[in-house]
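Colleague: Provided below are the primary sequence and the corresponding predicted coordinates.
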Amino acid sequence: MTGCHGLGPMPGSDPAAAAEIIAGESAGVVHRPVQPARGLGADPVGRTGALAADLVLDRGIRGWRVAAGGDAGHPPRAAVRARDLLEAEADGCEAAWGTAPQRVRLSALGPLSLATAVEDAAGHRLLADRGARAWLAESLAEGLAAAAADIRRRHGAAVAVQLDEPGIGAALGGLVPDAAGWGRLEPVPAREAAALLRLLIGRLAAAEVPVTLRPGAAPVAGPAGPGTAALPAAVVAESGAAALWVRADRLRGTAALDGVGSLIAGGVHLELGCAPAAPGARDAITGAWADPDERAIAEGVARLWDELGFPRAELVDRVALTPEAGFAGVDAAWPARALAAVRRAAGLVTRAAGDL
């Protein structure tokens, strides 16, 4: 059966209301809503900091930074707020879902993207320090394992984690500016990046929590060229990720198709972003948005699977469908329509993969 689910970001500031929308259009797999509109601490960086263990963040001049002294016993107000928002998110989902879900997905920034976004108390990006990178991966591993256990307790459901790594390619390519903006940080070696991810993913796998890696662009075959933001497929393969998310309309070119194809051949499942995350043009007469075309979505998925070089018979069980992006900032009426289209498209793939 072809899976389907959302990605995390949702509009609005009411976790329970967002959870109701998610549950209403799910096929048993729900995702915890990430709602930046709730304010400071609900953004991806502040929220991930609240999920991590032994990481105390505060707001600095340029963004989030490790709190001076890092005293978990006396956290700054920003850290307290982020943790309170995370707890309210969990409570809202528990009230909306109860024990109905089969699986709950929890999204968080991955260690490299988080290290890019957070500064130490002296104002340097954590990404610049190898020891800080390793510490951050350990902190995330411990915190996410604890969060997964809490989800199991609340919902009695299986748990999966989605690691968002939009900045991993820039980190590997040496394209991340230093905190002052005068130069660029040294590239993170690909082997180290894979090892950091493997540490985190391995810890979660030991707790029976599979991980989807969601990079900013499709991985490519072979090593990445210097000064590029390309992610070598080997990093994903060595990370131990159970699944890879890519946006379908950006999986183009031989390097990307070969890179993703090699991962699928190695047993990694594919999650495809394929339904519009924001409404298109309104009807000139009614003013209503057109619903996404589930048949067009399903046909596009089937064609892409053909391009990757795998038989249609394997499509049903090797792919899950999602929106192209999260829903933060879109009209509150849109997520339900997009998630419904994803669910219907997944049903079409399940029933008629060979005929699309």
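Modeller: Structure's in. What do you need?
Colleague: Next one: the nearest residue to residue 187 once chain neighbours are set aside from residue 305, what distance?
Modeller: Distances taken as Cβ to Cβ, 6 or more residues apart in numbering put residue 174 closest to residue 187, at 3.6 Å, once the chain neighbours are dropped. The way it works is simple: take the backbone N, C-alpha and C, and place the C-beta from them, glycine included. Residue 174 is 34 Å from residue 305, where distance means Cβ to Cβ, to the nearest Å.
Colleague: And residue 183, by the same measure?
Modeller: For residue 183 relative to residue 305 (Cβ to Cβ), the value is 43 Å.
Colleague: Settle it for me: which of these two has more neighbours?
Modeller: A direct count of neighbours by other Cβ atoms under 10 Å for residue 183 and residue 305 places residue 305 higher, at 22 against 8.
Colleague: helix or strand for the more buried one, which one?
Modeller: Under the criterion DSSP states H and E, the helix or strand holding residue 305 is helix 294-308.
Colleague: Only alpha carbons, please: show the next helix or strand after that helix as PDB.
Modeller: Downstream of helix 294-308, the first helix or strand assigned by DSSP H and E is helix 315-318. What follows is helix 315-318, C-alpha atoms only, in PDB (Å, rounded to 0.1, in the frame of the first residue of the first chain):
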ATOM      1  CA  LEU A 315       6.100   1.300  -6.700                       C
ATOM      2  CA  VAL A 316       3.200   0.500  -4.400                       C
ATOM      3  CA  ASP A 317       5.300  -0.600  -1.400                       C
ATOM      4  CA  ARG A 318       8.400   1.500  -1.900                       C
END
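Colleague: in helix 315-318, what's buried?
Modeller: By neighbour count on 16 or more other Cβ atoms under 10 Å, the buried set for helix 315-318 is 315, 316, 318.
Colleague: do stretch 345-356 as well
Modeller: Of all the residues in stretch 345-356, those buried under the rule 16+ other Cβ under 10 Å are 345, 346, 347, 348, 349, 350, 353, 356.
Colleague: neighbouring contacts of that stretch?
Modeller: The contact list for stretch 345-356 (Cβ atoms under 8 Å, 6 or more residues apart in numbering) reads 1-4, 27, 274-275, 294-295, 297-299, 301-302, 312-313, 315-316, 319-321.
Colleague: Repeat that for stretch 54-65.
Modeller: Contacts of stretch 54-65 (Cβ under 8 Å, 6+ apart): 40, 45-46, 49-50, 66-68, 70-72, 75-76, 78-79, 82, 117-121, 123, 136, 139, 142-143, 179.
Colleague: ok, so of the buried residues of helix 315-318, who is nearest residue 162?
Modeller: Nearest to residue 162, judged by Cβ to Cβ, of those is residue 318 at 17.7 Å.
Colleague: my guess is the closest one meets residue 312, correct?
Modeller: No - assessed by Cβ atoms under 8 Å, residue 318 is found out of contact with residue 312, at 10.7 Å.
Colleague: pLDDT score for the residue nearest the centre of the chain?
Modeller: The centre of the chain sits closest to residue 164, judged by Cα atoms, centre = their mean, with a distance of 3.5 Å. Here, the pLDDT recorded for residue 164 equals 99.
Colleague: quick one: buried residues of the helix holding residue 305?
Modeller: For helix 294-308, a neighbour-count test (16+ other Cβ under 10 Å) marks 294, 297, 298, 299, 300, 301, 302, 304, 305, 308 as buried.
Colleague: Check which helices and strands it is in contact with.
Modeller: Applying 3 or more Cβ pairs under 8 Å, 6 or more residues apart in numbering; DSSP states H and E, one finds that helix 294-308 contacts helix 254-265, strand 269-275, helix 315-318, strand 319-323, helix 334-352.
Colleague: want to try a markdown table for the ones you listed, with distance to residue 151 and mean pLDDT as columns?
Modeller: Below are these laid out as a markdown table (distance: least, Cβ to Cβ, whole Å; pLDDT from 0 to 100):
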| stretch | distance to residue 151 | mean pLDDT |
| --- | --- | --- |
| helix 254-265 | 27 | 98 |
| strand 269-275 | 19 | 98 |
| helix 315-318 | 25 | 96 |
| strand 319-323 | 19 | 98 |
| helix 334-352 | 20 | 96 |
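Colleague: Please identify the deepest-packed of these.
Modeller: Stretch with highest mean neighbour count among these: strand 319-323 (a mean of 26; mean count of other Cβ atoms under 10 Å).
Colleague: In its sheet, which strands sit next to that one, and in what direction?
Modeller: Using DSSP bridges, strand 319-323 pairs in its sheet with strand 3-4 (parallel), strand 269-275 (parallel).
Colleague: Any idea how far that strand is from the middle of the chain?
Modeller: What separates the centre of strand 319-323 from the centre of its chain is 13 Å, taken as Cα atoms, centre = their mean, to the nearest Å.
Colleague: Since that was my last question, I'll sign off now.
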